[in-house]
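# What follows is a predicted structure for the sequence shown.
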Amino acid sequence: MSVPLWTAQEIAAATGGTASAPFAVEGVAFDSREVGPGDLFVALKGERSDGHRFVEGAFAQGAAGVIVSAPVAGPHVLVADTEKALNALGAAARARSAATIVGVTGSVGKTGTKEALHAAFDRAAPGTAHRSVKSYNNHVGVPLSLARMSRDAEVGVFEMGMNHAGELASLTRLVRPNVALVTAIAPAHSAFFAGEEAIADAKGEIFRGLEPGGTAIVPFDSPHRDRLIAAARPHAAHVLTFGTQAGADVRALDAVRTEGGTLVNAALPGGQLTFSIGMPGAHWVANALAVLATVEAAGADLAAAGLALAEMTGLPGRGARVRVAVDGGTATLIDESYNANPGSMAATIAELGHEPGRRIALLGEMRELGEGSAGFHRALAAPLAQAGVAYAVLVGEGMAALAESLAPTTPVQHVADATAAREALRAIIRPGDAVLVKGSNAIGLARVLKAFAREDASCFI
(Lines give C-alpha, C1' and ligand atoms only; values in the text may rest on other atoms or scores of the structure.)
Protein backbone atom coordinates (compact mmCIF):
# COMPACT_ATOMS: atom_id res chain seq x y z
CA MET A 1 0.00 0.00 0.00
CA SER A 2 1.21 3.53 -0.75
CA VAL A 3 2.02 5.84 2.11
CA PRO A 4 -0.60 8.61 2.42
CA LEU A 5 0.31 12.26 2.08
CA TRP A 6 -0.96 12.97 5.60
CA THR A 7 -2.66 11.03 8.36
CA ALA A 8 -5.08 12.62 10.82
CA GLN A 9 -2.52 12.09 13.59
CA GLU A 10 0.19 13.90 11.60
CA ILE A 11 -2.14 16.77 10.73
CA ALA A 12 -3.13 17.17 14.37
CA ALA A 13 0.51 17.09 15.51
CA ALA A 14 1.56 19.67 12.89
CA THR A 15 -1.31 22.08 13.58
CA GLY A 16 -1.82 21.62 17.31
CA GLY A 17 -5.35 20.47 16.59
CA THR A 18 -7.51 17.56 17.69
CA ALA A 19 -8.51 14.75 15.32
CA SER A 20 -12.09 13.52 15.57
CA ALA A 21 -11.23 10.13 14.07
CA PRO A 22 -8.41 8.40 12.17
CA PHE A 23 -8.22 9.20 8.46
CA ALA A 24 -5.62 9.60 5.73
CA VAL A 25 -5.46 11.99 2.76
CA GLU A 26 -3.75 12.04 -0.63
CA GLY A 27 -4.11 15.74 -1.44
CA VAL A 28 -4.86 19.16 0.07
CA ALA A 29 -7.19 21.93 -1.14
CA PHE A 30 -8.66 25.14 0.22
CA ASP A 31 -10.97 25.74 -2.76
CA SER A 32 -13.94 23.39 -2.41
CA ARG A 33 -14.27 23.31 -6.21
CA GLU A 34 -10.86 21.61 -6.41
CA VAL A 35 -11.56 18.90 -3.84
CA GLY A 36 -11.27 15.36 -5.15
CA PRO A 37 -11.59 11.87 -3.65
CA GLY A 38 -9.19 11.36 -0.76
CA ASP A 39 -8.33 15.04 -0.31
CA LEU A 40 -8.02 17.16 2.81
CA PHE A 41 -10.19 20.30 2.68
CA VAL A 42 -8.99 23.30 4.69
CA ALA A 43 -11.94 25.55 5.57
CA LEU A 44 -10.39 29.01 5.41
CA LYS A 45 -12.23 32.11 6.55
CA GLY A 46 -11.85 35.00 4.14
CA GLU A 47 -13.20 38.52 3.92
CA ARG A 48 -15.95 37.48 1.50
CA SER A 49 -16.66 33.86 2.35
CA ASP A 50 -16.21 31.23 5.01
CA GLY A 51 -14.93 27.84 3.90
CA HIS A 52 -16.94 26.16 6.64
CA ARG A 53 -20.02 26.73 4.47
CA PHE A 54 -18.55 24.30 1.92
CA VAL A 55 -17.52 21.47 4.23
CA GLU A 56 -20.58 19.38 3.43
CA GLY A 57 -19.96 19.85 -0.29
CA ALA A 58 -16.30 18.88 0.14
CA PHE A 59 -17.33 15.62 1.77
CA ALA A 60 -19.83 15.04 -1.04
CA GLN A 61 -16.96 15.37 -3.54
CA GLY A 62 -14.96 12.73 -1.71
CA ALA A 63 -12.90 14.60 0.88
CA ALA A 64 -11.37 12.17 3.36
CA GLY A 65 -11.12 14.79 6.09
CA VAL A 66 -11.25 18.52 6.80
CA ILE A 67 -9.48 21.12 8.93
CA VAL A 68 -12.03 23.31 10.69
CA SER A 69 -12.27 25.77 13.57
CA ALA A 70 -15.75 24.51 14.61
CA PRO A 71 -16.86 20.87 14.96
CA VAL A 72 -18.55 19.31 11.92
CA ALA A 73 -20.09 16.00 11.03
CA GLY A 74 -17.40 13.89 9.42
CA PRO A 75 -13.68 13.23 9.95
CA HIS A 76 -11.94 16.45 10.90
CA VAL A 77 -9.09 18.09 12.74
CA LEU A 78 -10.32 20.89 14.98
CA VAL A 79 -7.99 23.92 15.27
CA ALA A 80 -8.24 27.45 16.61
CA ASP A 81 -7.40 29.15 13.30
CA THR A 82 -7.54 27.32 9.95
CA GLU A 83 -5.20 29.73 8.13
CA LYS A 84 -2.54 29.31 10.80
CA ALA A 85 -3.11 25.56 10.63
CA LEU A 86 -2.48 25.54 6.88
CA ASN A 87 0.72 27.51 7.45
CA ALA A 88 1.80 25.01 10.11
CA LEU A 89 1.03 22.07 7.82
CA GLY A 90 3.18 23.65 5.11
CA ALA A 91 6.02 24.14 7.60
CA ALA A 92 5.71 20.49 8.67
CA ALA A 93 5.89 19.36 5.04
CA ARG A 94 9.09 21.34 4.60
CA ALA A 95 10.56 20.02 7.83
CA ARG A 96 10.05 16.36 6.90
CA SER A 97 11.33 16.75 3.33
CA ALA A 98 14.81 15.83 2.14
CA ALA A 99 14.14 17.42 -1.28
CA THR A 100 16.24 20.11 -2.88
CA ILE A 101 14.01 23.17 -2.61
CA VAL A 102 13.99 25.97 -5.20
CA GLY A 103 12.30 29.31 -4.56
CA VAL A 104 11.37 31.53 -7.52
CA THR A 105 10.35 35.18 -7.53
CA GLY A 106 10.60 38.18 -9.86
CA SER A 107 8.52 40.96 -11.36
CA VAL A 108 8.05 38.98 -14.58
CA GLY A 109 8.61 35.41 -15.69
CA LYS A 110 8.26 33.64 -12.36
CA THR A 111 5.37 31.31 -13.25
CA GLY A 112 6.77 30.35 -16.65
CA THR A 113 10.22 29.82 -15.16
CA LYS A 114 8.74 27.75 -12.33
CA GLU A 115 6.98 25.55 -14.88
CA ALA A 116 10.17 25.22 -16.95
CA LEU A 117 12.18 24.29 -13.87
CA HIS A 118 9.69 21.60 -12.93
CA ALA A 119 9.82 20.24 -16.49
CA ALA A 120 13.64 20.21 -16.35
CA PHE A 121 13.83 18.32 -13.06
CA ASP A 122 11.03 15.96 -14.05
CA ARG A 123 12.71 15.25 -17.40
CA ALA A 124 15.80 14.05 -15.54
CA ALA A 125 13.91 11.93 -12.96
CA PRO A 126 10.23 11.50 -13.87
CA GLY A 127 7.79 11.65 -11.00
CA THR A 128 10.26 12.96 -8.41
CA ALA A 129 9.72 16.72 -8.80
CA HIS A 130 7.00 18.79 -7.12
CA ARG A 131 5.88 22.33 -7.87
CA SER A 132 3.33 24.90 -6.84
CA VAL A 133 0.43 24.83 -9.29
CA LYS A 134 -1.21 27.78 -11.03
CA SER A 135 0.12 30.96 -9.43
CA TYR A 136 -0.32 29.86 -5.83
CA ASN A 137 2.40 32.21 -4.62
CA ASN A 138 0.95 34.17 -1.69
CA HIS A 139 0.47 33.70 2.07
CA VAL A 140 -2.04 30.88 1.57
CA GLY A 141 -0.91 29.51 -1.80
CA VAL A 142 2.67 28.86 -0.69
CA PRO A 143 1.83 26.82 2.44
CA LEU A 144 -0.79 24.94 0.42
CA SER A 145 1.85 24.06 -2.19
CA LEU A 146 4.22 22.91 0.54
CA ALA A 147 1.52 20.83 2.21
CA ARG A 148 0.89 19.06 -1.10
CA MET A 149 4.54 17.96 -1.50
CA SER A 150 4.94 14.20 -1.20
CA ARG A 151 7.21 12.72 1.43
CA ASP A 152 9.61 11.29 -1.14
CA ALA A 153 9.86 14.25 -3.54
CA GLU A 154 13.46 14.85 -4.61
CA VAL A 155 12.95 18.44 -5.82
CA GLY A 156 10.37 21.07 -4.93
CA VAL A 157 9.92 24.28 -6.95
CA PHE A 158 7.93 27.05 -5.28
CA GLU A 159 6.82 30.37 -6.72
CA MET A 160 6.67 33.30 -4.32
CA GLY A 161 5.03 36.64 -5.06
CA MET A 162 4.51 39.91 -3.28
CA ASN A 163 3.08 43.38 -3.70
CA HIS A 164 4.34 44.90 -0.45
CA ALA A 165 7.69 44.94 1.33
CA GLY A 166 8.11 42.23 3.95
CA GLU A 167 5.85 39.65 2.31
CA LEU A 168 8.62 37.66 0.64
CA ALA A 169 10.68 37.57 3.82
CA SER A 170 7.85 35.69 5.51
CA LEU A 171 7.27 33.30 2.61
CA THR A 172 10.94 32.44 2.05
CA ARG A 173 11.43 31.56 5.70
CA LEU A 174 8.58 29.10 5.33
CA VAL A 175 9.93 27.60 2.08
CA ARG A 176 13.59 27.62 3.21
CA PRO A 177 15.02 27.22 -0.30
CA ASN A 178 18.36 25.65 -1.12
CA VAL A 179 18.36 27.73 -4.30
CA ALA A 180 16.65 31.12 -4.55
CA LEU A 181 16.07 32.74 -7.96
CA VAL A 182 15.07 36.27 -8.93
CA THR A 183 14.01 36.25 -12.60
CA ALA A 184 13.82 40.00 -13.29
CA ILE A 185 12.98 43.39 -11.77
CA ALA A 186 10.31 45.57 -13.43
CA PRO A 187 7.82 48.22 -12.28
CA ALA A 188 5.09 45.75 -11.26
CA HIS A 189 3.00 46.80 -8.23
CA SER A 190 4.80 50.14 -8.39
CA ALA A 191 1.82 51.81 -6.68
CA PHE A 192 3.15 50.28 -3.46
CA PHE A 193 6.84 51.16 -3.90
CA ALA A 194 8.89 54.33 -4.18
CA GLY A 195 10.75 53.07 -7.25
CA GLU A 196 12.37 50.07 -8.89
CA GLU A 197 15.13 50.04 -6.28
CA ALA A 198 12.51 49.42 -3.61
CA ILE A 199 10.99 46.65 -5.75
CA ALA A 200 14.45 45.07 -6.08
CA ASP A 201 14.89 45.25 -2.31
CA ALA A 202 11.54 43.54 -1.77
CA LYS A 203 12.37 40.79 -4.28
CA GLY A 204 15.79 40.38 -2.67
CA GLU A 205 14.04 39.31 0.53
CA ILE A 206 13.83 35.81 -0.99
CA PHE A 207 17.49 35.28 -0.12
CA ARG A 208 16.83 35.67 3.62
CA GLY A 209 15.32 32.19 3.81
CA LEU A 210 18.21 30.37 2.12
CA GLU A 211 19.38 27.23 3.85
CA PRO A 212 23.05 27.04 4.90
CA GLY A 213 25.20 26.42 1.85
CA GLY A 214 22.45 27.78 -0.42
CA THR A 215 22.79 29.53 -3.76
CA ALA A 216 21.31 32.84 -4.92
CA ILE A 217 20.54 33.21 -8.64
CA VAL A 218 20.60 36.82 -9.91
CA PRO A 219 19.84 38.37 -13.34
CA PHE A 220 23.19 39.76 -14.54
CA ASP A 221 21.69 42.08 -17.17
CA SER A 222 19.46 43.84 -14.64
CA PRO A 223 20.40 47.40 -13.64
CA HIS A 224 19.68 46.18 -10.11
CA ARG A 225 22.16 43.30 -10.27
CA ASP A 226 24.58 44.70 -7.71
CA ARG A 227 21.71 45.56 -5.37
CA LEU A 228 20.43 42.00 -5.55
CA ILE A 229 23.90 40.53 -5.06
CA ALA A 230 24.36 42.72 -1.99
CA ALA A 231 21.03 41.45 -0.65
CA ALA A 232 22.13 37.85 -1.25
CA ARG A 233 25.66 37.99 0.20
CA PRO A 234 24.72 37.80 3.90
CA HIS A 235 22.59 34.68 3.31
CA ALA A 236 24.05 32.81 0.32
CA ALA A 237 27.13 30.62 0.25
CA HIS A 238 27.19 31.06 -3.53
CA VAL A 239 25.88 33.66 -5.99
CA LEU A 240 25.33 32.64 -9.62
CA THR A 241 24.34 35.10 -12.35
CA PHE A 242 22.64 34.58 -15.70
CA GLY A 243 22.22 36.82 -18.74
CA THR A 244 23.45 37.77 -22.18
CA GLN A 245 26.18 40.24 -21.21
CA ALA A 246 29.85 39.36 -20.78
CA GLY A 247 30.53 38.44 -17.17
CA ALA A 248 27.41 36.41 -16.51
CA ASP A 249 28.13 32.96 -15.05
CA VAL A 250 25.47 31.41 -17.30
CA ARG A 251 25.49 33.34 -20.55
CA ALA A 252 23.87 33.11 -23.97
CA LEU A 253 26.71 33.24 -26.49
CA ASP A 254 24.34 33.00 -29.45
CA ALA A 255 20.56 33.06 -29.76
CA VAL A 256 19.04 32.41 -33.19
CA ARG A 257 15.32 32.70 -33.76
CA THR A 258 13.70 29.56 -35.22
CA GLU A 259 10.15 28.76 -36.20
CA GLY A 260 8.25 28.96 -32.91
CA GLY A 261 11.31 29.26 -30.68
CA THR A 262 15.01 29.99 -30.30
CA LEU A 263 18.25 28.02 -30.69
CA VAL A 264 20.71 29.01 -27.95
CA ASN A 265 24.37 28.29 -27.34
CA ALA A 266 25.10 28.98 -23.67
CA ALA A 267 28.29 29.11 -21.65
CA LEU A 268 28.16 27.65 -18.15
CA PRO A 269 30.83 27.33 -15.45
CA GLY A 270 31.61 23.77 -16.61
CA GLY A 271 31.36 24.17 -20.38
CA GLN A 272 28.81 24.95 -23.08
CA LEU A 273 25.33 23.70 -23.90
CA THR A 274 23.43 24.13 -27.16
CA PHE A 275 19.69 23.73 -26.84
CA SER A 276 16.36 24.86 -28.25
CA ILE A 277 13.57 26.74 -26.50
CA GLY A 278 10.06 25.82 -27.55
CA MET A 279 8.79 29.30 -26.69
CA PRO A 280 9.67 32.40 -28.77
CA GLY A 281 11.11 35.64 -27.50
CA ALA A 282 14.08 37.27 -25.80
CA HIS A 283 12.24 37.02 -22.48
CA TRP A 284 12.17 33.24 -22.84
CA VAL A 285 15.91 33.22 -23.55
CA ALA A 286 16.35 34.97 -20.20
CA ASN A 287 13.98 32.50 -18.50
CA ALA A 288 15.89 29.56 -20.01
CA LEU A 289 19.23 30.89 -18.77
CA ALA A 290 17.70 31.27 -15.30
CA VAL A 291 16.56 27.64 -15.52
CA LEU A 292 20.05 26.45 -16.48
CA ALA A 293 21.64 28.46 -13.66
CA THR A 294 19.21 26.93 -11.16
CA VAL A 295 19.72 23.40 -12.45
CA GLU A 296 23.47 23.96 -12.25
CA ALA A 297 23.15 25.16 -8.66
CA ALA A 298 21.00 22.15 -7.76
CA GLY A 299 23.55 19.75 -9.25
CA ALA A 300 20.93 18.32 -11.60
CA ASP A 301 21.06 17.18 -15.24
CA LEU A 302 21.72 20.11 -17.61
CA ALA A 303 21.19 18.01 -20.74
CA ALA A 304 17.76 16.95 -19.51
CA ALA A 305 16.98 20.61 -18.79
CA GLY A 306 17.86 21.48 -22.39
CA LEU A 307 15.51 18.77 -23.68
CA ALA A 308 12.71 19.97 -21.39
CA LEU A 309 13.07 23.55 -22.64
CA ALA A 310 12.77 22.32 -26.23
CA GLU A 311 9.59 20.43 -25.36
CA MET A 312 7.86 23.36 -23.65
CA THR A 313 5.03 25.06 -25.52
CA GLY A 314 2.74 27.92 -24.59
CA LEU A 315 1.13 27.89 -21.16
CA PRO A 316 -2.50 29.05 -20.83
CA GLY A 317 -2.40 32.78 -20.10
CA ARG A 318 1.34 32.90 -20.79
CA GLY A 319 1.93 32.31 -24.47
CA ALA A 320 -0.51 29.59 -25.51
CA ARG A 321 -1.67 29.96 -29.09
CA VAL A 322 -5.32 29.52 -30.02
CA ARG A 323 -6.19 29.12 -33.69
CA VAL A 324 -9.78 29.91 -34.59
CA ALA A 325 -11.81 29.75 -37.79
CA VAL A 326 -12.53 33.15 -39.34
CA ASP A 327 -14.47 33.64 -42.58
CA GLY A 328 -13.19 30.50 -44.28
CA GLY A 329 -9.65 30.79 -42.91
CA THR A 330 -7.95 30.91 -39.53
CA ALA A 331 -6.53 33.53 -37.20
CA THR A 332 -4.15 33.07 -34.28
CA LEU A 333 -4.85 34.41 -30.79
CA ILE A 334 -1.76 34.62 -28.58
CA ASP A 335 -2.89 34.09 -25.00
CA GLU A 336 -0.89 36.33 -22.65
CA SER A 337 -4.01 37.16 -20.69
CA TYR A 338 -2.92 36.17 -17.20
CA ASN A 339 -1.22 39.40 -16.16
CA ALA A 340 0.70 42.43 -17.34
CA ASN A 341 3.21 45.07 -16.31
CA PRO A 342 5.29 47.47 -18.42
CA GLY A 343 8.16 45.00 -18.86
CA SER A 344 6.07 42.00 -19.87
CA MET A 345 3.88 44.14 -22.14
CA ALA A 346 6.90 45.43 -24.05
CA ALA A 347 8.38 41.93 -24.38
CA THR A 348 5.24 40.31 -25.74
CA ILE A 349 4.47 43.22 -28.07
CA ALA A 350 7.99 42.83 -29.50
CA GLU A 351 7.24 39.15 -30.15
CA LEU A 352 4.01 40.09 -31.91
CA GLY A 353 6.19 42.01 -34.33
CA HIS A 354 7.64 38.71 -35.60
CA GLU A 355 4.25 37.25 -36.47
CA PRO A 356 3.26 36.94 -40.14
CA GLY A 357 0.07 38.58 -41.35
CA ARG A 358 -1.80 41.54 -39.93
CA ARG A 359 -0.98 42.20 -36.26
CA ILE A 360 -3.64 43.22 -33.78
CA ALA A 361 -3.03 44.10 -30.13
CA LEU A 362 -5.90 43.54 -27.69
CA LEU A 363 -4.49 45.06 -24.51
CA GLY A 364 -6.04 45.48 -21.08
CA GLU A 365 -4.91 48.14 -18.67
CA MET A 366 -2.03 47.45 -16.29
CA ARG A 367 -3.08 47.72 -12.65
CA GLU A 368 -1.23 48.82 -9.48
CA LEU A 369 1.12 51.25 -11.25
CA GLY A 370 0.34 54.25 -9.04
CA GLU A 371 0.90 57.85 -10.08
CA GLY A 372 3.03 56.81 -13.06
CA SER A 373 0.25 54.74 -14.60
CA ALA A 374 -0.57 57.11 -17.47
CA GLY A 375 3.10 57.38 -18.43
CA PHE A 376 3.63 53.62 -18.36
CA HIS A 377 0.60 53.08 -20.59
CA ARG A 378 1.55 55.90 -22.96
CA ALA A 379 5.04 54.41 -23.34
CA LEU A 380 3.57 51.32 -25.02
CA ALA A 381 2.97 53.37 -28.18
CA ALA A 382 6.62 52.99 -29.23
CA PRO A 383 6.83 49.17 -29.05
CA LEU A 384 3.44 48.91 -30.78
CA ALA A 385 4.76 51.05 -33.64
CA GLN A 386 8.01 49.05 -33.81
CA ALA A 387 6.01 45.82 -33.96
CA GLY A 388 3.99 47.07 -36.92
CA VAL A 389 0.67 46.68 -35.15
CA ALA A 390 -2.14 47.48 -37.59
CA TYR A 391 -4.99 47.76 -35.09
CA ALA A 392 -5.31 48.13 -31.32
CA VAL A 393 -8.23 47.30 -29.05
CA LEU A 394 -7.58 48.84 -25.65
CA VAL A 395 -9.54 47.86 -22.55
CA GLY A 396 -10.11 49.79 -19.35
CA GLU A 397 -9.89 53.36 -18.10
CA GLY A 398 -6.12 53.12 -17.60
CA MET A 399 -5.62 52.73 -21.36
CA ALA A 400 -6.87 56.25 -22.11
CA ALA A 401 -3.36 57.70 -22.35
CA LEU A 402 -2.25 55.04 -24.83
CA ALA A 403 -5.42 55.41 -26.90
CA GLU A 404 -4.73 59.14 -27.18
CA SER A 405 -1.12 58.51 -28.23
CA LEU A 406 -2.03 55.95 -30.88
CA ALA A 407 -5.01 57.75 -32.39
CA PRO A 408 -3.07 59.88 -34.92
CA THR A 409 -1.22 56.92 -36.46
CA THR A 410 -2.93 53.62 -35.61
CA PRO A 411 -6.59 52.59 -35.81
CA VAL A 412 -7.68 52.10 -32.22
CA GLN A 413 -10.82 51.24 -30.25
CA HIS A 414 -10.89 52.07 -26.55
CA VAL A 415 -13.54 50.02 -24.75
CA ALA A 416 -14.68 49.65 -21.16
CA ASP A 417 -14.45 45.93 -20.47
CA ALA A 418 -13.70 42.43 -21.74
CA THR A 419 -17.21 41.95 -23.13
CA ALA A 420 -16.91 45.05 -25.31
CA ALA A 421 -13.39 43.98 -26.31
CA ARG A 422 -14.68 40.62 -27.50
CA GLU A 423 -17.27 42.31 -29.72
CA ALA A 424 -14.72 44.79 -31.05
CA LEU A 425 -12.32 42.00 -31.96
CA ARG A 426 -15.05 39.89 -33.56
CA ALA A 427 -15.90 42.82 -35.84
CA ILE A 428 -12.37 43.32 -37.17
CA ILE A 429 -10.63 39.94 -37.10
CA ARG A 430 -9.98 38.24 -40.44
CA PRO A 431 -8.05 35.24 -41.80
CA GLY A 432 -4.29 35.39 -41.26
CA ASP A 433 -4.43 37.82 -38.34
CA ALA A 434 -2.18 37.42 -35.30
CA VAL A 435 -3.82 38.84 -32.18
CA LEU A 436 -1.94 39.43 -28.93
CA VAL A 437 -4.32 39.29 -25.94
CA LYS A 438 -2.68 40.70 -22.80
CA GLY A 439 -3.68 42.67 -19.72
CA SER A 440 -3.83 42.58 -15.94
CA ASN A 441 -5.70 39.52 -14.74
CA ALA A 442 -8.46 41.59 -13.16
CA ILE A 443 -9.48 42.88 -16.62
CA GLY A 444 -10.63 39.37 -17.51
CA LEU A 445 -9.30 39.08 -21.06
CA ALA A 446 -9.15 35.28 -20.67
CA ARG A 447 -12.90 35.43 -21.20
CA VAL A 448 -12.31 36.77 -24.71
CA LEU A 449 -10.25 33.72 -25.63
CA LYS A 450 -12.75 31.36 -24.02
CA ALA A 451 -15.56 32.96 -25.98
CA PHE A 452 -13.74 32.45 -29.29
CA ALA A 453 -12.87 28.88 -28.29
CA ARG A 454 -16.50 28.08 -27.48
CA GLU A 455 -17.65 29.47 -30.81
CA ASP A 456 -15.10 27.43 -32.78
CA ALA A 457 -14.98 23.72 -31.92
CA SER A 458 -11.98 23.28 -34.25
CA CYS A 459 -9.70 25.65 -32.35
CA PHE A 460 -6.66 24.30 -30.58
CA ILE A 461 -4.23 25.55 -27.96
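Cool, got the structure. Numbers count the residues shown, from 1 in each chain.
# all contacts plus neighbour counts: C-alpha atoms, from now on.
Fine.
# Point out where the stretch 51-200 of the chain drops to low pLDDT.
188-192 (pLDDT under 70).
# Can you list the residue ranges for strands in it?
For the stretch 51-200 of the chain, the strands defined by DSSP state E, counting those that start in this stretch cover 65-68, 76-78, 100-105, 129-131, 155-159, 179-182.
# want to throw those strands into JSON lines with mean neighbour count and distance to residue 290?
Formatted as JSON lines, the strands of the stretch 51-200 of the chain follow (neighbours: other C-alpha atoms under 10 Å; distance: least, C-alpha to C-alpha, whole Å):
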{"stretch": "strand 65-68", "mean neighbour count": "28", "distance to residue 290": "38"}
{"stretch": "strand 76-78", "mean neighbour count": "26", "distance to residue 290": "41"}
{"stretch": "strand 100-105", "mean neighbour count": "26", "distance to residue 290": "10"}
{"stretch": "strand 129-131", "mean neighbour count": "24", "distance to residue 290": "17"}
{"stretch": "strand 155-159", "mean neighbour count": "29", "distance to residue 290": "13"}
{"stretch": "strand 179-182", "mean neighbour count": "30", "distance to residue 290": "8"}
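# In JSON lines, list those along with distance to residue 319.
Below are the strands of the stretch 51-200 of the chain laid out as JSON lines (distance: least, C-alpha to C-alpha, whole Å):
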{"stretch": "strand 65-68", "distance to residue 319": "37"}
{"stretch": "strand 76-78", "distance to residue 319": "41"}
{"stretch": "strand 100-105", "distance to residue 319": "19"}
{"stretch": "strand 129-131", "distance to residue 319": "20"}
{"stretch": "strand 155-159", "distance to residue 319": "19"}
{"stretch": "strand 179-182", "distance to residue 319": "21"}
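# Nearest to residue 167, out of these?
Between residue 167 and the strands of the stretch 51-200 of the chain, the shortest gap by C-alpha to C-alpha is with strand 100-105, which sits at 11.7 Å.
# Determine the set of other helices and strands touching that closest one.
Contacts defined by 3 or more C-alpha pairs under 8 Å, 6 or more residues apart in numbering; DSSP states H and E place strand 100-105 against helix 110-124, strand 155-159, helix 167-175, strand 179-182.
# what sits against residue 117?
Listed by C-alpha atoms under 8 Å, 6 or more residues apart in numbering, the contact partners of residue 117 are 157, 291, 294, 295, 305.
# So which of those are in helices?
291, 294, 295, 305 (DSSP state H).
# can I get those in CSV with neighbour count?
Listed next are these as CSV, based on neighbours: other C-alpha atoms under 10 Å:
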residue, neighbour count
291, 28
294, 27
295, 21
305, 26
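# Closest one to residue 169 out of these, please.
residue 294 (20.3 Å).
# still on that earlier bit, farthest-apart pair in the contacts of residue 117, please.
Longest span within the contacts of residue 117, C-alpha to C-alpha: 157 and 305, 14.3 Å.
# Quick check: pLDDT value at residue 459.
Looking at residue 459, its pLDDT stands at 50.
# same question, residue 8
98.
# Now do the contacts for it.
Contact analysis of residue 8 by C-alpha under 8 Å, 6+ apart lists 19, 21, 22, 23, 24, 65, 76, 77.
# Same question for residue 247.
residue 220.
# Likewise for residue 415?
Counting by C-alpha under 8 Å, 6+ apart, residue 415 has contacts 393, 394, 395, 396, 421.
# Closest to residue 409 out of the residues you listed?
Closest to residue 409, out of all of the contacts of residue 415 and judged by C-alpha to C-alpha, is residue 393, at 14.0 Å.
# Let me know how buried the closest one is, in neighbour terms.
23 (other C-alpha atoms under 10 Å).
# what pLDDT, on average, does the host helix or strand of it get?
Residue 393 belongs to strand 391-395 when elements are defined using DSSP states H and E. For strand 391-395, mean pLDDT rounds to 96.
# quick one, strands of the stretch 351-461 of the chain?
Under DSSP E, counting those that start in this stretch, the stretch 351-461 of the chain gives strands at 359-364, 391-395, 412-415, 434-438.
# Tell me which of those strands lies nearest to residue 255.
Closest among the strands of the stretch 351-461 of the chain, once you apply C-alpha to C-alpha, is strand 434-438, at 23.4 Å.
# Quick one: work out the angle between the closest one and strand 391-395.
20 degrees (axes from the mean of the first three to the mean of the last three C-alpha atoms, to 10 degrees).
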